[in-house]
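Asks: Model the structure of this input:
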Amino acid sequence: MYSSLLFYILIFFTASVSAGTVTKSVNINVDIVKNSNSAELSIEADKKIFTALYDTKNQGFNDLDMGFTISSPMANTEDYEIELMGSDHQCDGAPLAVSTLFDDTPFVVDDVTPAMSFQTTNNGLRTSQHKFTLVYPTLAQTDSEQVCNGTLSVYARLKI
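Replies: Next up is the predicted model:
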C-alpha cells in the first residue's frame, strides 16, 4: 500500500541587462496535495526563497540547489519513492531547456527513484535529506528585460 504526496515547486525570476553578477530572488511556492488528511508523509523545503544568480561572464544562471526533507512518523514505514511528474520552464514564452538533478543524478520527467529507506530516525520520526538541482542553459542578455518562470512537479509515495 502506498500513501501519496504531490508537491509543486513554482519558480519565477527575471533577468535584465547589467554588468557583473545579477542577483534576483526566486520565490518558491510549494503546494502540498495529499489524497487524505493524514500525517503519514511530509516534505519541507530547506527555505522558502531560493536565489538564482545570473553570471554575465557565462551568460546564464548558476545552478540552483533546492534542498528538502522527507519525513514520516510511521513505525511500519519501509521505504519511499519520488517521481518527477513535470519540469516546465520558459523565458518570454519560449521553452527553456532546464536540466534537473535529484541528489546529483540526472532526473527527467517520468523518472522514479528506486525504493529508498529513511536515513535517520529521531524520536520516532524517520527522515531523509534530498535536493533537486536546476541546471540552466545559456541565456544571453538582451536589450530588454526577460521574464522567465517554471514549474517542477514531484510525486512522493510512501510504502506502508
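Asks: Residue nearest the middle of this protein, spatially speaking?
Replies: By C-alpha atoms, centre = their mean, the chain has its centre lying nearest to residue 132, at 4.6 Å.
Asks: Beta-bridge partners for that residue, please?
Replies: For residue 132, the beta-bridge partners are residue 66, residue 102 (DSSP bridges).
Asks: Is it correct that it is in contact with residue 104?
Replies: No. At 10.3 Å, residue 132 does not count as touching residue 104 under the criterion of C-beta atoms under 8 Å. From N, CA and C alone the C-beta is placed, and that goes for glycine too.
Asks: ok, residue 65 touching residue 133?
Replies: Yes. Look at residue 65 against residue 133 with C-beta under 8 Å: they come within range, at 5.1 Å.
Asks: which of those two has more neighbours?
Replies: residue 133 (18 against 13; other C-beta atoms under 10 Å).
Asks: List the residues that contact that one.
Replies: When contacts are counted by C-beta atoms under 8 Å, 6 or more residues apart in numbering, residue 133 touches 63-66, 100-101, 104.
Asks: try residue 62
Replies: 52-55, 136.
Asks: Now that we're looking at it, what pLDDT does it have?
Replies: In this model, residue 62 is scored at 90, pLDDT.
Asks: Residue 79 versus that one, what's the distance?
Replies: For residue 62, the distance to residue 79 equals 33 Å [C-beta to C-beta, to the nearest Å].
Asks: again, but for residue 70
Replies: 11 Å.
Asks: And those two? Which one has more around it.
Replies: residue 70 (21 against 15).
Asks: isn't the more buried one right up against residue 132?
Replies: No. Using C-beta under 8 Å, residue 70 is not in contact with residue 132; the gap is 12.0 Å.
Asks: Does the residue lying farthest from the centre of the chain lie in a helix or a strand, and which?
Replies: Distance from the centre of the chain peaks at residue 143, with 30.3 Å (C-alpha atoms, centre = their mean). For residue 143, there is no helix or strand it lies in under DSSP states H and E.
Asks: Residue 147 now?
Replies: In the assignment (DSSP H and E), residue 147 maps to strand 146-159.
Asks: Residue 140 too?
Replies: Using DSSP H and E, residue 140 falls outside every helix and strand.
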